[in-house]
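Engineer: Quick one: sequence plus predicted model below, questions after.
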Amino acid sequence: MNVGVGLPNTIPGTDGRLFADWARRADAGPFSTLAVLDRLAYDSIDPFCALAAAAAVTERVQLATMIAIGPLRNTALLVKQAASVDAMSGGRLTLGLAVGARLDDFVAAGVDHGGRGARLSEQLAALRDGDGLGVREDLRVLVGGMTGPAFARMARYADGYAHNGGPPRAFDRAAASARAAWSDLGRPGRPLLWGQGYFALGDEDAGAAYLRDYYEFTGPFAEKIAAGNLVSPRAIKDFVRGYAEAGCDELILFPTVADAAQLERLAEVLA
Amino acid sequence: MKVRIVGAGPGGLQLAILLAKSGAAHDVEVIERNAPDATFGWGVVFSEETLGALRDADPETHFRITDTFARWPTVDIRYRGRLLRSRGHAFSAIARKRLLEILQSRARELGVALRFEREVDSVAAVVEGADLVVGADGVKSLVRRTYAERFGERIRPQGCKYVWFGTDLVLDAFTFIFKQTDAGLVQVHAYPFDERTSTWIVECPEHTWRGLGFDAMDEAESLAACEALFADELGGHRLLSNRSLWTDFLLVRCDSWHHGNVVLVGDAAHTAHFSIGSGTKLAMEDAIALAQAFLRHPGDVERALVDYELERQPVVERFQLAAGESAAYFTRVERYAHMEPMPFAFNLLTRSGRVTHANLAQRDPQFVRVLDAWFHGGGEARPGAVAPPPLFAPWQGLRNRVVRAAPAPALMPELARSGAGLVLAGPVAVTPEGRIAPDTPTLDDPAPPLDEPPRARDDVPAALNDPPQVVGATWEALVEGVHAAGAHAGVLLTHAGRRGSTHSRARGADIPLRQGGWPLIAPSPIAYAPRMPVPRAMTAADMAAVRDAFAAATRRAADAGFDVLELDMGHGYLLGSFLSPESNRRDDEYGSDRMRFPLEVLDAVRQEWPEERLLAVRLGVMDGTRRGLQLPDGISVARELAARGCGLVDVVAGQTVPEAARADYRRGFLTPLADRVRAEARVPTLVGGHLTTPDEANTILGAGRADLCLLDVPATDLERQVAAAPSEPAAAVALA
């Protein structure tokens, strides 16, 4: 299993100039991938802009959206953006897409929330079709989501599955569904399986406060997500081991504190 | 900390004891509306559980409770006038009244204030001035209802109608009784709990309950009716009532078990159907976890309550899942009343998904030996017989029940050598225009060139990757290779219909070819998925041509030596798309009778296929959409297929439309569907759905949920390790 790290692109108040430094350090570190999250109606940096900045200052590290909310975006522009980041990075992009969980993002984008699943399927079909928008036919695409239709969409169009976080046993269950859908759709082999978690090494109160705010829309679950933040080297090591045992191919650890020291500490833990 | 616990049931009292014991100088008061000795119901049962957590938390209480336990290792199953006994289980039970006495006296010893016969009028008033308020007030919890929205409560009836009696018949086993009546099957769940009394729960589905007139009876009448119904089993003993009224079991779930400083435990937060006997255990474990959370986070109520939920919710969710399976089993058990006692009993024991063939073999090796021998012997239990597990019992000439799919026909011989009973090639298209993708085999060409570079599969043993393509192989040679390995060869005949002319599945599914495609046909001109072309609505000539193509392919398959022919009526391919109202909008007789064309094809194929060889159908039994084909429709189709010479239904679901809102890929998602088709259409079934272990298959087959299992065997590191070249020669080491 590879371990990647997130860019702090959805942590409110993050200095935009931190991203290049963060990306350079990640490129030098033990991380396989630099990944971003996506929110619209929230103090955050656009995922494709963040990855474009990272592409410009890195050579080695893979880049990924984990995930980007497809249906918020016009299909052609989405495909163009992804193709652009992929081209500027020399083919290092993995495009994770899902329908998103937050109504306010759809309201802010002026996009109908109903039918978002079908719209994501159309976008995936467009990506796979090429369509003269300059996207590679073999661009690696992941799809996230926990519903039956999401697993079917993943198995139909994607190369793998992007899980939305939680303890290893939750990943294990979702991975079993992803494999079952893959087999049901007659795809050869098995899906790539990507997982994610949150960490704070130091400043854990700030990390918990961020998660409570970020997940406020989930009501009582926000507290549980905050409580699941990985705040010790032991917790991170156990988490990594649990995901590896569950068959995860790539695990992304997202920061909850926008401080480059977090990256250094994580590199030490993983070393 | 000032703690107010509403409800003096096992959960509330247990929590009071542990908080009082923790030495943190809590002021704990338990408020109960009833008198201390007023209790409803009879014995409570603990299955599979030694209350180990309680032993650690409070050895004194643990000792007093377990000292009183009635314990027994056996489950008796009374069915069709026979008694089948399974041993090796671990049940214990205690009178609910006695359990409460023990907990009350322990709480008093520790200085807990117990306020009985005190009604809580306003939960808000209790919350005012308390540091922590605990809703331990049961399934109809006032505390939960007061903040119903905050807790996100969801309540619905689950399972059968039931009534909870006692009896002075002292049983020596957990006893299930299945009694056939004119109105349907009635079940009893009964177990002893002290030296004089047993619990005796009667249940049946609502239609049976009405049919027997229970809906119109009062307490005494229904008791008398139940006594009469089970007179043989009671052997002259009486049923006892304690406000024993027929009721629905209420399934309670909550998104959150706490809100501010108010927290729920036990049935107030969650219920689990009584048929897995875990309600009291879960309540007591909740209390222990909650008390421990306060030890870990003294003074931090929010943190402790979040911790409590994080620990308990996943556990409870698992129990609720198992309990839901168990409750559903008892609502549909009348459909199994035709089954022989042995698979019937095994189906009952494995109903919740927690007991499998492998772990029952640990608990009760003799039961499983008899099951295996019975299964192997085709329904005969010879005394002392031993046999391999159900997966390895022969079936209609197959050496075992293992089916393996070979989408690339070149893999057929290797899959046969890997131990399968039946190797199923396909999908194989009946005509070039019926292909899914350019690399879909036809009966003229088992190995068309790939349009995608082959990708090595890292999930299958290396032997299956090599060679990925056999250029020039013939079907005759592949079938011969399968036969030489002792297996049978089957072929899945498909016409892709509106799902044709796509790229190879290596790239994705339903991705249309931009070049080199071919025109599509379907019942109605509706494109399958985004960017897929609109198919042409089939004419009478198209239908005749397709029917002839299936017949010709059948002759070809018979000549090539295939033992099994499977017709594809699933997954939205041509024949399946006729069955589904989502894709068949025709206004002719092929639309008003959606089965008509698929059955015409079946008849044509049956004509050509040698009578002694098995004809199977892969049938999509439901679409997973609101307007689409529903399971009862699918079961009717299965019945019709069986009547026309189909000897096996390969049960699949979904994919008739790409965006099916009810698509489901949970573990074993096809098993309940195959089970229903088998039980209701009375036709043998083949089931897949990503079954990866022999144990899953043995459990399904032994319980009569299917007759054959399609296995998806993943590669394991161990196989690679075994196959790896040794890093150094295995030379003998001489000891100096």
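Structural biologist: Arrived safely. Residues are numbered from 1 along each chain as shown, chains lettered A, B, ... in the order given.
Engineer: Which residues are in contact with the closest residue to chain B within the stretch 1-150 of chain A?
Structural biologist: Chain B sits closest to A:G148 of the stretch 1-150 of chain A, with a gap of 3.3 Å, by CB to the nearest CB. Using the backbone N, CA and C atoms, a C-beta is placed for each residue, glycine as well. Contacts for A:G148 (CB atoms under 8 Å, 6 or more residues apart in numbering or on different chains) come out as B:G624, B:A660, B:A661, B:R662, B:A663, B:D664, B:Y665.
Engineer: By neighbours, which of these wins?
Structural biologist: B:Y665 (27 neighbours; other CB atoms under 10 Å in any protein chain shown).
Engineer: so who does it touch?
Structural biologist: By CB under 8 Å, 6+ apart, the residues touching B:Y665 are A:G148, A:F151, A:A152, A:S177, A:A178, A:A180, A:A181, A:D184, B:H690.
Engineer: For the first one, grab phi and psi.
Structural biologist: What that stands for is A:G148. A:G148 adopts backbone torsions of phi -50, psi -50, taken as degrees, to the nearest 10.
Engineer: which intervals of chain A have sub-threshold pLDDT?
Structural biologist: A:131 (pLDDT under 70).
Engineer: got the residues of the stretch 1-150 of chain A near chain B?
Structural biologist: Contact residues (CB under 8 Å from any CB of the partner chain) of the stretch 1-150 of chain A with chain B: A:117-118, A:121-122, A:125-126, A:128-130, A:137, A:147-149.
Engineer: if we go to 6 Å?
Structural biologist: Contact residues, the stretch 1-150 of chain A versus chain B (CB under 6 Å from any CB of the partner chain): A:A118, A:S121, A:E122, A:A125, A:R128, A:D129, A:G148, A:P149.
Engineer: And those residues, which two are furthest apart?
Structural biologist: The span of the residues of the stretch 1-150 of chain A next to chain B, defined through CB to CB, is set by A:D129 and A:G148 at 24.3 Å.
Engineer: Quickly run through the sheet partners of the strand ranked longest in chain B, with directions.
Structural biologist: The longest strand of chain B (DSSP state E) is strand B:153-167. Paired strands of strand B:153-167, with direction, are strand B:198-204 (antiparallel), strand B:239-240 (antiparallel), strand B:247-254 (antiparallel) (DSSP bridges).
Engineer: I'd guessed B:H259 sits against B:E149; true?
Structural biologist: No: counting by CB atoms under 6 Å, B:H259 sits too far from B:E149 to count as a contact (9.3 Å).
Engineer: Say whether chain A is contacted by stretch B:411-429.
Structural biologist: No: applying CB under 6 Å from any CB, one finds stretch B:411-429 separated from chain A by no less than 7.9 Å.
Engineer: Burial check on B:R354, number of neighbours?
Structural biologist: 18.
Engineer: Am I right that it is in contact with B:F319?
Structural biologist: No: assessed by CB under 6 Å, B:R354 is found out of contact with B:F319, at 9.1 Å.
Engineer: B:H259 and B:E149 - which one has more neighbours?
Structural biologist: Using other CB under 10 Å, the more surrounded residue of B:H259 and B:E149 is B:H259, with 23 against 7.
Engineer: what about the closest residue to that one other than its chain neighbours, neighbour count?
Structural biologist: Using CB to CB, 6 or more residues apart in numbering or on different chains and skipping residues adjacent in sequence, the residue nearest B:H259 is B:R150, 4.0 Å away. By other CB under 10 Å, the residues close to B:R150 number 17.
Engineer: So what's the predicted local confidence for B:R150?
Structural biologist: At B:R150 the predicted local distance difference test score is 93.
Engineer: tell me the SS of it?
Structural biologist: On the three-state scheme (DSSP: H, G, I helix; E, B strand; the rest coil), B:R150 is labelled helix.
Engineer: wait, isn't it in contact with B:W257?
Structural biologist: No: in this structure, B:R150 is not within contact of B:W257 by CB under 6 Å, at 10.6 Å.
Engineer: Close to chain A: what parts of chain B are there?
Structural biologist: Counting by CB under 6 Å from any CB, the residues of chain B lying close to chain A are B:256, B:306, B:310, B:457, B:459, B:505-506, B:508-509, B:511, B:530-531, B:659, B:663-665, B:667, B:690, B:712.
Engineer: at 7 Å instead, please
Structural biologist: B:255-256, B:306-307, B:309-310, B:407, B:455, B:457-459, B:505-511, B:529-531, B:658-667, B:669, B:689-690, B:712 (CB under 7 Å from any CB of the partner chain).
Engineer: Quick one: buried ones out of these?
Structural biologist: Buried members of the residues of chain B next to chain A, scored by 16 or more other CB atoms under 10 Å in any protein chain shown, are B:256, B:306-307, B:309-310, B:407, B:457, B:459, B:505-511, B:529-531, B:658-660, B:663-665, B:667, B:669, B:689-690, B:712.
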